[in-house]
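In: What would the 3D arrangement of this be:
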Amino acid sequence: MSGEFNLIEKYFVGRQAQRKDVYLAAGDDCALVKPLANVQLAISTDTLVCGTHFLPEADPAWVAHKALASNISDLAAMGATPAWVSLALTMPEPDETWLAPFCDAFFKLADYFGIQLIGGDTTKGPLSLTLTVQGYVPEGKALKRSGAKPGDYVFVTGTLGDAKAGLDVILNSAQRSRPAALALEKAHYLSMPRILAGQALVGLASAAIDISDGLVADLGHILQRSGVGVSIDVSKLPISPELLSFLDDRETAQQYALTSGEEYELCFTVPEESRGSLESSLAHVGCKVTCIGQIRPQGFFELHDNGTKLDWQLSGFDHFKGQSK
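Out: The predicted structure is shown next:
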């Protein structure tokens with residue numbers, strides 16, 4: 001990319017205070033960091049591609065927030081503390097009118113979570129972003145997908161379904177006249193990773209995952225890895241007033257809540273003996289938590305509405321098809 005090093009110096013270097021565990025962040029072939037003792041590193045990589053994860057006309061500040069928040073959410077799902085991030089940015093041309101608000105939003109969110117950019121790359125090509133985040137968790141304490149047991153309760157943070165409705169607005173401008181359309185569009189881009197909730201669940205939750213491909217799909221990963229089944233009461237699904245106003249139909253809103261991708265809320269399971277400690281442990285995290293069902297033996301899968309069984313055929317978000325159903 002023409003002017004690559006000038007862009008890096010102008011927009012990425014010297015934007016943040018140096019973490020004490022970072023010895024070298026930029027200007028050499030590799031970054032140098034020194035992790036704390038008695039921790040394990042949690043590492044996650046995600047790519048966002050223009051046309052798949054965001055449209056060309058999307059606000060670059062929103063794109064930056066979404067890109068970093070989605071990666072930090074992976075750390076939240078394992079109870080990890082964010083530390084470092086690297087960014088590979090591909091652009092058709094060195095467009096500073098796009099890059100300036102992108103970087104402002106990127107570093108604002110990074111600073112909020114105490115995460116430092118320690119390296120990356122810029123190159124010419126179709127607009128895309130690849131981020132690798134790293135964090136740490138006390139040794140042997142990471143939340144995983146494989147610990148759920150029959151009898152555990154299933155919880156989710158926040159509300160569900162807003163991101164899918166926001167995507168409806170993004171893809172169909174006619175939807176912008178519907179109630180709460182702008183709020184839902186913002187919700188699609190501006191999720192807030194549940195880092196504090198994930199940290200509070202360490203030692204309490206038996207399994208956890210962040211909701212990136214839809215509740216049904218992501219909970220399915222817990223079921224598969226843990227060798228269990230589940231019963232979900234759709235009447236308990238946390239649905240925002242904005243989503244209900246936008247759809248004007250509770251059953252459709254419930255189906256959105258089950259299939260909406262890119263929510264970046266947490267879904268987790270808690271044993272009976274830990275349920276009493278959950279409320280006090282999560283009191284400071286700033287998000288509500290809702291029990292939506294219970295883990296059952298392997299092979300069992302049930303959706304019901306306050307006891308009435310439902311025959312809904314649902315799946316999660318497919319990044320190649322760009323939709324859920």
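
In: the helices in this protein, which residues?
Out: Secondary structure of the chain (DSSP state H): helices located at 4-11, 60-77, 96-112, 162-171, 181-189, 195-201, 215-226, 241-247, 250-259, 272-281.

In: Surely Lys309 touches Glu302?
Out: Yes: contact criterion C-beta atoms under 8 Å: Lys309 and Glu302 qualify, at 6.5 Å. Quick note: C-beta positions are derived from backbone N, CA and C, even for glycine.

In: The two: who's more crowded?
Out: More neighbours surround Glu302 than the other of Lys309 and Glu302, with 14 against 10 (other C-beta atoms under 10 Å).

In: contacting residues around that one?
Out: By C-beta atoms under 8 Å, 6 or more residues apart in numbering, Glu302 lies in contact with 229-232, 296, 309.

In: So which of the residues you listed wins on neighbours?
Out: Val230 (24 neighbours).

In: I figured Ala165 was touching Leu247, is that so?
Out: Yes: counting by C-beta under 8 Å, Leu247 is a contact partner of Ala165 at 6.9 Å.

In: shared neighbours of these two, anything?
Out: Counting by C-beta under 8 Å, 6+ apart, the residues touching both Ala165 and Leu247 are Tyr256.

In: More neighbours: which of those two?
Out: More crowded of Ala165 and Leu247, by other C-beta under 10 Å: Ala165, with 28 against 22.

In: Can you measure across stretch 230-243, start residue to end residue?
Out: Start and end residues of stretch 230-243 are separated by 25 Å (C-alpha to C-alpha, to the nearest Å).

In: in that stretch, what counts as buried?
Out: Within stretch 230-243, the residues that count as buried by 16 or more other C-beta atoms under 10 Å are 230-234, 236-240, 242-243.

In: Convert stretch 142-152 to PDB, retaining C-alpha atoms only.
Out: Provided in PDB are the C-alpha atoms of stretch 142-152 (Å, rounded to 0.1, in the frame of the first residue of the first chain):
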ATOM      1  CA  ALA A 142     -10.900 -20.900  32.100                       C
ATOM      2  CA  LEU A 143     -14.600 -21.400  31.200                       C
ATOM      3  CA  LYS A 144     -15.100 -24.000  28.500                       C
ATOM      4  CA  ARG A 145     -17.900 -25.500  26.500                       C
ATOM      5  CA  SER A 146     -17.400 -29.000  27.800                       C
ATOM      6  CA  GLY A 147     -18.600 -28.900  31.500                       C
ATOM      7  CA  ALA A 148     -22.400 -28.800  31.400                       C
ATOM      8  CA  LYS A 149     -24.200 -31.600  33.200                       C
ATOM      9  CA  PRO A 150     -27.900 -32.700  33.300                       C
ATOM     10  CA  GLY A 151     -29.700 -30.600  35.800                       C
ATOM     11  CA  ASP A 152     -27.600 -27.500  35.300                       C
END
